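1. sequence unavailable; structure follows:
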């Protein structure tokens with residue numbers, strides 16, 4: 001039984017206060033209480049909008065799209081622009097936590113303003129409602145990759161995994177070239193569209209390479225940020241150096257989930273999951289699933305999830321491997337009898 005001790009890892013937070021994992025794809029934001037302002041509960045009116053109500057007299061709330069650990073996302077209609085939009089705002093009632101999320105929302109607006117790409121959600125508007133910050137982005141029709149997998153009963157598909165990975169890599173590479181790292185790649189943050197494309201959403205944790213995010217005068221404001229199930233080892237400790245290779249690790253972990261239907265490390269406690277990412281290798285995917293092209297794909301995923309960022313493949317290597325494995329998958333079945 002994995003039973004790591006927090007102090008052995010040098011964590012500057014007590015993971016036990018997060019509690020057991022209820023949803024492995026939860027993104028967790030753990031603030032340093034000593035750095036937060038002393039906000040009294042009566043100083044903020046944090047009532048969420050009702051379905052059918054208006055935000056700022058021109059955004060009509062039509063329904064709930066998603067309800068996550070820290071935020072709720074609504075489908076809405078922007079009357080001035082005549083278009084459907086998505087509205088994200090905190091679903092928390094704690095004033096200090098809302099203060100924390102405000103900086104992430106401001107960060108996401110700043111990031112999305114720099115990223116105009118067919119596979120990245122677009123920013124539309126940013127404002128407040130009842131003292132709650134909210135972001136308005138393009139509404140992307142479709143379902144999350146998690147929902148698609150559940151609809152197909154988590155059936156592993158090598159070809160589909162490659163298509164998702166290739167498209168996601170294209171969007172991420174666009175951001176990387178501009179010095180931006182997503183830091184929260186997971187199936188919940190990929191929307192599969194009716195046109196066969198996908199959109200990468202939720203850039204709230206995105207950061208410029210090696211920068212603390214969101215930018216704040218108090219550099220120790222956040223003790224832990226991220227989704228443990230898919231998080232790169234170098235992001236397990238806030239303040240560590242990181243670059244695009246952190247996203248490569250998360251993409252590899254997501255591909256692992258896509259082709260096996262299992263998380264790389266399936267534990268009930270956050271500290272166990274992070275300890276495993278730091279110190280243990282997951283079971284290679286080809287040992288869990290026998291599919292055409294699986295051996296080569298398994299090798300690529302394991303290299304993408306290397307503990308040392310220097311050992312992870314480059315963008316070009318991944319693109320070449322995606323093409324090669326796709327060709328293997330397309331070949332007649334007899335080729336796989338010879339270890340390909």
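-> Good, I have the coordinates. Here the structure is a predicted model, which is why all the values come from computation and not from measurement.
2. centre of the chain to stretch 148-161, how far?
-> The gap between where stretch 148-161 is centred and where its chain is centred comes out at 19 Å by CA atoms, centre = their mean, to the nearest Å.
3. straight-line length of that stretch, end to end?
-> Stretch 148-161 has its terminal residues 12 Å apart, counting by CA to CA, to the nearest Å.
4. what residues sit buried inside that stretch?
-> Judged by neighbour count (16 or more other CB atoms under 10 Å), stretch 148-161 contains these buried residues: 148-149, 156, 158, 160-161. (C-beta placed from N, C-alpha, C; glycine too.)
5. could you dump these to a markdown table with distance to residue 51, secondary structure and pLDDT?
-> Listed next are these as a markdown table, based on distance: CB to CB, whole Å; DSSP: H, G, I helix; E, B strand; the rest coil; pLDDT from 0 to 100:
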| residue | distance to residue 51 | secondary structure | pLDDT |
| --- | --- | --- | --- |
| 148 | 26 | helix | 91 |
| 149 | 28 | helix | 89 |
| 156 | 38 | coil | 71 |
| 158 | 41 | helix | 88 |
| 160 | 34 | helix | 90 |
| 161 | 36 | helix | 92 |
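6. which two among those residues are spaced furthest apart?
-> 148 and 158 (15.6 Å; CB to CB).
7. would you verify that residue 303 is located in a helix?
-> Yes - the assignment for residue 303 is a helix, going by DSSP: H, G, I helix; E, B strand; the rest coil.
8. that one contacts residue 312, correct?
-> Yes - when contacts are counted by CB atoms under 8 Å, residue 303 is listed as touching residue 312 (6.3 Å).
9. more neighbours: which of these two?
-> Set residue 303 next to residue 312 and count neighbours by other CB atoms under 10 Å: residue 312 wins out with 21 against 16.
10. just say helix, strand or coil for residue 76.
-> Once three-state DSSP is applied, residue 76 turns out strand.
11. that one - how many residues pack around it?
-> 25.
12. so how far is residue 130 from it?
-> Distance of residue 76 to residue 130, given as CB to CB, to the nearest Å: 15 Å.
13. about what we covered before: could the buried residues of stretch 148-161 be laid out in CSV, adding distance to residue 52?
-> Output for the buried residues of stretch 148-161, formatted as CSV (distance: CB to CB, whole Å):
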residue, distance to residue 52
148, 29
149, 32
156, 42
158, 45
160, 38
161, 40
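14. what are the boundaries of the helices in the stretch 51-200 of the chain?
-> Taking DSSP state H, counting those that start in this stretch to define them, one finds helices in the stretch 51-200 of the chain at 95-112, 145-151, 158-176.
15. just put these in TSV and tack on distance to residue 185.
-> As requested, those are exported to TSV (distance: least, CB to CB, whole Å):
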stretch	distance to residue 185
helix 95-112	14
helix 145-151	11
helix 158-176	7
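16. tell me which of these sits nearest to residue 188.
-> helix 145-151 (5.2 Å).
17. what's next to that closest one, contact-wise?
-> 25, 143, 164, 187-188, 190-192, 198, 258, 261 (CB atoms under 8 Å, 6 or more residues apart in numbering).
18. just the buried ones out of these, please.
-> Neighbour-count burial (16+ other CB under 10 Å) is assigned, among those, to 25, 143, 164, 187-188, 190-192, 198, 258.
19. quick one, phi psi at the residue nearest to residue 298 when sequence neighbours are not counted?
-> The shortest distance from residue 298 to any non-neighbouring residue, by CB to CB, 6 or more residues apart in numbering, is to residue 286 (3.7 Å). Main-chain torsions, residue 286, degrees, to the nearest 10: phi -70, psi -20.
20. thought residue 286 was touching residue 294?
-> Yes - at 4.7 Å, residue 286 counts as touching residue 294 under the criterion of CB under 8 Å.
21. so if I had to pick from those two, which one is more boxed in?
-> Of the pair residue 286 and residue 294, residue 294 is the one with more neighbours under other CB under 10 Å, namely 25 against 19.
22. angles on the backbone of that one, please.
-> Taking degrees, to the nearest 10, you get phi -70, psi -40 for the backbone angles of residue 294.
23. what's near enough to touch it?
-> 158, 259, 285-286.
24. distance to residue 58 for those residues - can I get that in TSV?
-> Below are the contacts of residue 294 laid out as TSV (distance: CB to CB, whole Å):
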residue	distance to residue 58
158	46
259	45
285	49
286	53
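25. farthest pair within those residues?
-> Longest span within these, CB to CB: 158 and 286, 10.5 Å.
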